[in-house]
Every structure is written in C-alpha cells, then in structure tokens.
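Enquirer: Give me a model of this one.
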Amino acid sequence: MKELIGIIKDHILYRQQILKLARADLQKTYRGAALGWSWAIIKPAVTIFVYWFAFSIGIKGGGADVEGFPFFLWLMAGIIPWFYINDMLSQGSNAIRKYSYLVTKMKFPVSTIPTFVSISKFTVHIILVIITVLIFIFMGHSPDIYIIQLPLYMFLNFAFFTIFSLFASLLSAMSKDFANLIKSLIMAIFWLSGIIWNVKNLDIGWIKKIQMINPVTFLAEGYRNCFIHKVWLFEQPEKLICFAIVLGVLAIASLWTYKKLRKEIPDVL
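Expert: Got it, this is the predicted structure:
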C-alpha cells in the first residue's frame, strides 16, 4: 500500500512534466521523417491492408463476412487495439532503459516514466479509433448505442498496459534479457490472441479457457463488441471477472517489483 500511495503522489506532483514528456516522446517518434505524423496512420493502414489481402484474396473463404459485416471492418475493429498493445509490449517494456537519463541525471520518479510513454502511444490510438469510426460510417455501418462502452474498453486497455509497462520496464532495466524475451513473444501473442481470427470459432474446450484469461483477447473482442457483435460488457461477466483478476495480479506484481527494484535501478542504469 505504501508503494501505491507513493506512485500516486509522484503522478500528482509530476503531472505537468508527465504530459510534457508524453508530447516530447510523441514528437520524437515521428521527427525527421518526411511524412511526419502521417506515419501514425500509414503504418497501421498498410498492416491492415496486408492482412485483409492475405485472408480475403490469398486464402479462399478466409475473408468471409462476419455477422453481416465485411471482413475488412471486422479485422479493423479488432486490430486497432493491437497497435497500441504492440507499442506497449515493444517500447513500453523498455521505457525506463530508454529514458535512463531521467533517473540517473535528473532524479525523475521511475514510476512515472512508463506512464508518459503510454500516454504518448495512447494519443495515436485515440486518433486511430476516431478514423475507425469514420470508416464504419463511410461504409454504411454507423455505430449504434453499443459504441458508448468503447471509452471503457479503451480505458481498460490503457490501464492494463500502463501497469504492465511499469512491471516489464523495471525488469528490463535490470536485465536486457527480459526485454528481449518480451520482444520475442510479441508475434506469438498476436497470432494466438484472436486478433485476425475469430475466437468464437474455437471448439476445443481447454483453449477456450486459456483465451478467457488472455487480456489481449478480451480487449480485441471488447472493441469488436462495440462495433460488430453488439454485446454489452455486463453480458459477459465471466470474461470481465477473469480480466479483473489478471489485472489485479499484474498490479500486485508491479508494486512488489517496484518496491524491490526502485532503489537499485539508478545504480544499474
């Protein structure tokens, strides 16, 4: 509890610096590129097109409509949260090491570094979500009342992977091996979490149970519940409970790791 209170205090005291550093991180990401901020849209757009082409054109029958929606829209609704998740797995888990000078030279609170990196990546995520809504409208599938729960799923996405980045970046700061392990698992997480295939088609019981505790699957399906499946969050309480349990365990692990390593981080870096 002491560590949690300390982290909250650090975020309140350094709230302005956190926002400024988030903006700086965002600008740094696209600085020097001729197209600048356009890459925030171009890269996801190319990725979505490649997967759409592979499943709709390359694999016969792989791009069939889902619940009356074109496969392209179904794919887009589920892959949009993944772009933020991917950034947090690859960059969020290395946040403290990347901004080590804030710890070693400026005595900046370690716990706030993953937060401003997360805010930076989440800003791009918000833009992509808005574009997704506009594309749905343009293609004649205007979002209905179920879209009001989208901000909740977005918040859960932000909260989970901000906490994860604190846990992972602390361990990555102590050992590069952990950072390399996370990076090596990213593609496995992507392919196993139902981002580009429908988890509802699973007919193997034990795999379904594993997917129940997979937070990436929960979030991808949650976004699709808002756009495609038209399902309220409270209609699937067992999935929400599983996600809450995983989030709680992650939060406890993050606090414990922070307590054990925060004093050692400056020396290691």
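Enquirer: Any stretches of this structure with poor pLDDT?
Expert: Low-confidence segments of the chain (pLDDT under 70): 31-37, 58-64, 269.
Enquirer: which ones are touching the residue most central in space within it?
Expert: The structure's the chain has its C-alpha centroid closest to Ile85; by CA atoms, centre = their mean the separation is 2.4 Å. Contacts here follow CB atoms under 8 Å, 6 or more residues apart in numbering; on that basis Ile85 touches 157, 161, 216, 219. Where C-beta positions appear, they are placed from N, C-alpha and C, glycine not excepted.
Enquirer: possible to save those as a markdown table with secondary structure and distance to Ser193?
Expert: Converted to a markdown table, the contacts of Ile85 look like this (DSSP: H, G, I helix; E, B strand; the rest coil; distance: CB to CB, whole Å):
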| residue | secondary structure | distance to Ser193 |
| --- | --- | --- |
| Asn157 | helix | 13 |
| Phe161 | helix | 13 |
| Val216 | helix | 4 |
| Leu219 | helix | 9 |
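Enquirer: Please, a ChimeraX command that selects the buried ones among the residues you listed?
Expert: What follows is the ChimeraX syntax for the buried subset of the contacts of Ile85, where burial is set by 16 or more other CB atoms under 10 Å:
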select :157,161,216,219
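Enquirer: Going by distance to Ser120, which of the contacts of Ile85 wins?
Expert: Nearest to Ser120 among the contacts of Ile85 is Phe161, at 12.5 Å by CB to CB.
Enquirer: which residues touch the residue lying closest to that closest one once chain neighbours are set aside?
Expert: With sequence-adjacent residues excluded and distances taken as CB to CB, 6 or more residues apart in numbering, Phe161 is closest to Met88, at 3.9 Å. Neighbouring residues of Met88 by CB under 8 Å, 6+ apart: 117-118, 121, 161-162, 164-165.
Enquirer: Leu181 now?
Expert: Per CB under 8 Å, 6+ apart, neighbours of Leu181: none.
Enquirer: picking that back up, the contacts of Met88 into a markdown table, with extra columns for secondary structure?
Expert: Below are these laid out as a markdown table (DSSP: H, G, I helix; E, B strand; the rest coil):
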| residue | secondary structure |
| --- | --- |
| Val117 | helix |
| Ser118 | helix |
| Lys121 | helix |
| Phe161 | helix |
| Thr162 | helix |
| Phe164 | helix |
| Ser165 | helix |
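Enquirer: List only buried entries from these.
Expert: Buried among the contacts of Met88 by 16+ other CB under 10 Å: 117-118, 121, 161-162, 164-165.
Enquirer: Give me the buried positions along the helix or strand containing Thr47.
Expert: Using DSSP states H and E, Thr47 falls within helix 39-53. Buried residues in helix 39-53, counted by 16+ other CB under 10 Å: 40, 44, 48, 51-52.
Enquirer: on that earlier part again, export the buried ones among the contacts of Met88 as JSON lines, with columns for distance to Tyr14.
Expert: Formatted as JSON lines, the buried ones among the contacts of Met88 follow (distance: CB to CB, whole Å):
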{"residue": "Val117", "distance to Tyr14": "14"}
{"residue": "Ser118", "distance to Tyr14": "15"}
{"residue": "Lys121", "distance to Tyr14": "19"}
{"residue": "Phe161", "distance to Tyr14": "20"}
{"residue": "Thr162", "distance to Tyr14": "15"}
{"residue": "Phe164", "distance to Tyr14": "21"}
{"residue": "Ser165", "distance to Tyr14": "17"}
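Enquirer: No more questions from me, cheers.
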